[in-house]
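Engineer: Sequence first, predicted model second:
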Amino acid sequence: MSRRTALIALAIASIALGAVLVAIDPASDGDGNPSVIDFELAWSEDRAEEIRAEWGSDGEDAARLSLRLDYLYLLLYGAFLVLAVAATRDLANARGRRRLAAFGPAASVAAITAPLSDAIENVWLLIALGGDGGELAPLLGGVFATVKFAATVGALAYLIAGLVARLRARRPAASA
């Protein structure tokens with residue numbers, strides 16, 4: 001399988017599973033419930049407890065399912081990010097875009113850090129969802145969620161920069 005084919009397959013699978021995760025999110029029921037992302041960023045046992053109370057047992061079950069399915073999702077989007085960053089870096093090197101290529105290693109670290117942080121975050125959130133872990137579980141869930149979001153933004157910024165560079169290269173030169 002080529003890298004391009006793998007990227008397309010991973011993108012489609014990530015989008016499909018992402019849609020499932022949105023559909024089962026406790027916030028999707030239309031009752032104004034907090035989302036799983038709200039729970040990721042609860043930061044304290046008091047806030048985590050408030051969210052669990054707003055969700056009720058059905059919402060907690062949905063959040064638990066969402067966090068468990070997120071392990072598959074993070075494998076999909078993580079593999080996509082790693083391959084896409086590598087492709088962008090390789091293309092930048094091949095086309096002599098030294099500045100863009102120079103950011104490739106940092107973007108690679110970000111692409112790996114995002115899903116790893118997501119996996120650790122999920123452990124702490126599942127503990128917090130069970131009402132265990134005291135202040136530590138929601139705090140560490142929030143820390144790792146923040147690292148995940150920052151790393152994802154970093155990797156995506158690199159991919160966007162690569163896309164912009166590629167589109168600029170395709171523009172016809174202005175006539176003098």
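Structural biologist: Structure received.
Engineer: contacts and neighbour counts: CA atoms only from here.
Structural biologist: Fine.
Engineer: all helices in the chain, in order from the N-terminus.
Structural biologist: Along the chain, counting by DSSP state H, helices occupy 3-24, 36-40, 45-94, 98-102, 104-129, 136-170.
Engineer: residues near residue 29, how many?
Structural biologist: Neighbours of residue 29 under the rule other Cα atoms under 10 Å: 11.
Engineer: mind putting the helices of the chain in JSON lines, distance to residue 30 included?
Structural biologist: Converted to JSON lines, the helices of the chain look like this (distance: least, Cα to Cα, whole Å):
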{"stretch": "helix 3-24", "distance to residue 30": "11"}
{"stretch": "helix 36-40", "distance to residue 30": "14"}
{"stretch": "helix 45-94", "distance to residue 30": "12"}
{"stretch": "helix 98-102", "distance to residue 30": "43"}
{"stretch": "helix 104-129", "distance to residue 30": "21"}
{"stretch": "helix 136-170", "distance to residue 30": "24"}
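Engineer: State the distance from residue 36 to residue 25.
Structural biologist: Per Cα to Cα, to the nearest Å, residue 36 is found 6 Å from residue 25.
Engineer: shared neighbours of these two, anything?
Structural biologist: By the contact definition Cα atoms under 8 Å, 6 or more residues apart in numbering, residue 36 and residue 25 are jointly contacted by 63, 66.
Engineer: can you put the helices of the chain in TSV and add mean pLDDT and mean neighbour count?
Structural biologist: Output for the helices of the chain, formatted as TSV (pLDDT from 0 to 100; neighbours: other Cα atoms under 10 Å):
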stretch	mean pLDDT	mean neighbour count
helix 3-24	97	15
helix 36-40	97	20
helix 45-94	97	19
helix 98-102	97	15
helix 104-129	98	22
helix 136-170	96	19
